[in-house]
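Engineer: What follows is a predicted structure for the sequence shown.
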Amino acid sequence: QVQLVESGGGLVQAGGSLRLSCAASGRTFSTYYMAWFRQAPGKEREFVTSISWSGDNTLYADSVKGRFTISRDNAKNTMYVQMNSLKPEDTAVYYCAAARTYYGSNYHAYDYWGQGTQVTVSS
């Protein structure tokens with residue numbers, strides 16, 4: 001089992017940057033595919049970005065491509081997303097997720113979830 005804890009959220013002005021972290025428990029972090037999802041009030045949870053266990057392969061939603069960068073440090077059991085050029089529409093609760101055999105955009109395929117961290121972008 002994997003426990004995930006997000007951090008790094010906050011309030012930022014449009015055009016600013018934040019880096020979110022997702023710390024994982026356990027010694028098998030490097031065997032999990034990881035992802036970030038987000039959920040804005042009144043909206044469904046949506047895929048943001050994901051990364052393979054090795055970090056060699058990544059996927060991004062079109063809405064964040066070129067602005068967000070996902071990475072992971074398996075030695076530290078931590079995944080990150082660097083978010084630049086933030087927009088008000090990026091405002092949401094951001095969740096990290098882990099899956100054994102999948103790193104796509106289908107949130108039903110992920111096995112473990114963190115509690116989320118709030119990101120608010122003011123205009």
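Structural biologist: Everything's here; your move. Everything numeric here is computed off the predicted structure, so don't read it as measured data.
Engineer: and R72, bridged to which residues?
Structural biologist: M79 (DSSP bridges).
Engineer: residues touching the residue most central in space within the chain, list them.
Structural biologist: Geometric centre of the chain, nearest residue: W36, 2.3 Å, by Cα atoms, centre = their mean. By Cβ atoms under 8 Å, 6 or more residues apart in numbering, the contact set of W36 is 20, 22, 48-50, 70, 79, 81, 94-97. For glycine as for every other residue, the C-beta is placed from the backbone atoms N, C-alpha and C.
Engineer: Could you dump the residues you listed into JSON lines and include secondary structure and distance to N57?
Structural biologist: Shown next, in JSON lines, are the contacts of W36 (DSSP: H, G, I helix; E, B strand; the rest coil; distance: Cβ to Cβ, whole Å):
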{"residue": "L20", "secondary structure": "strand", "distance to N57": "20"}
{"residue": "C22", "secondary structure": "strand", "distance to N57": "18"}
{"residue": "V48", "secondary structure": "strand", "distance to N57": "16"}
{"residue": "T49", "secondary structure": "strand", "distance to N57": "11"}
{"residue": "S50", "secondary structure": "strand", "distance to N57": "9"}
{"residue": "I70", "secondary structure": "strand", "distance to N57": "10"}
{"residue": "M79", "secondary structure": "strand", "distance to N57": "14"}
{"residue": "V81", "secondary structure": "strand", "distance to N57": "15"}
{"residue": "Y94", "secondary structure": "strand", "distance to N57": "21"}
{"residue": "Y95", "secondary structure": "strand", "distance to N57": "20"}
{"residue": "C96", "secondary structure": "strand", "distance to N57": "17"}
{"residue": "A97", "secondary structure": "strand", "distance to N57": "16"}
